[in-house]
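Engineer: let me see the structure of the following:
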Amino acid sequence: MANHTLSVLVENKPGVLSRVAGLFTRRGYNIDSLAVSPTEDPKLSRMTITVDASRFPVEQITKQLDKLINVIKIRDLEPSNTVSRELALLKVRCSEPGERAEVIALVEIFHGHIIDVTSEHLTIQVTGETDELVRFEALLRPFGLIEMVKTGVVALSRGARAT
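Structural biologist: Numbers count the residues shown, from 1 in each chain. A predicted model of the protein is given here:
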């Protein structure tokens, strides 16, 4: 899969997210990940959109986005020059003492945090690059992954250059 991360600077106004999502829907593009938040300038928001470019040409997507009136700037972030993170919350079953110790060891290896504990479950928070979270999830599944939620990718280019 050829994932591309697009950093889209937009006006921080009602309806902008709907218009961007509508463009993807009308064109038949799938969004793998979407995160939106205000920027250092309260008049602007940044959308971080991850798409599978093997199915949809990134150039075509960016040209369509650029036509939207509230879109200020679009950048296709280079993976080698990008810092990206995702947050995941995972609830895992571990009722046996040995299982609990194994899960805690995995959490430590992945620099995660246990944020809730019951007698039979642990809720874990972990951040990292998408591939790291996929590996962590795969290691937890045998214990009984009950529930999981992820934020979507957030990313910035390295160095002083603003996007």
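
Engineer: adjacent strands (with direction) for the host helix or strand of residue 122?
Structural biologist: In this assignment (DSSP states H and E), residue 122 forms part of strand 121-128. According to DSSP bridges, strand 121-128 forms sheet pairs with strand 82-93 (antiparallel), strand 113-117 (antiparallel).

Engineer: neighbouring contacts of the next helix or strand after it?
Structural biologist: Reading on from strand 121-128 to the C-terminus, the next helix or strand found by DSSP H and E is helix 130-144. When contacts are defined by C-beta atoms under 8 Å, 6 or more residues apart in numbering, helix 130-144 is touched by residues 33, 50, 84, 86, 88, 90, 92-94, 99, 102-103, 106, 110, 112, 124, 126, 128, 145, 148, 150, 153. Heads up, the C-betas are built off the backbone N, CA and C, glycines and all.

Engineer: could I get the average pLDDT for stretch 5-13?
Structural biologist: Here stretch 5-13 scores 95 as its mean pLDDT.

Engineer: flag every buried residue along that stretch.
Structural biologist: 5-10, 12 (16 or more other C-beta atoms under 10 Å).

Engineer: cool, stretch 106-125 as well?
Structural biologist: Buried residues in stretch 106-125 (16+ other C-beta under 10 Å): 106-107, 110, 112, 121-124.

Engineer: dump those residues into JSON lines; add distance to residue 69 as well.
Structural biologist: Converted to JSON lines, the buried residues of stretch 106-125 look like this (distance: C-beta to C-beta, whole Å):
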{"residue": "106", "distance to residue 69": "47"}
{"residue": "107", "distance to residue 69": "46"}
{"residue": "110", "distance to residue 69": "42"}
{"residue": "112", "distance to residue 69": "42"}
{"residue": "121", "distance to residue 69": "47"}
{"residue": "122", "distance to residue 69": "47"}
{"residue": "123", "distance to residue 69": "42"}
{"residue": "124", "distance to residue 69": "42"}
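
Engineer: farthest pair within those?
Structural biologist: Of all pairs drawn from the buried residues of stretch 106-125, the greatest distance, 18.0 Å, lies between 110 and 121 (C-beta to C-beta).

Engineer: appreciated, that's everything.
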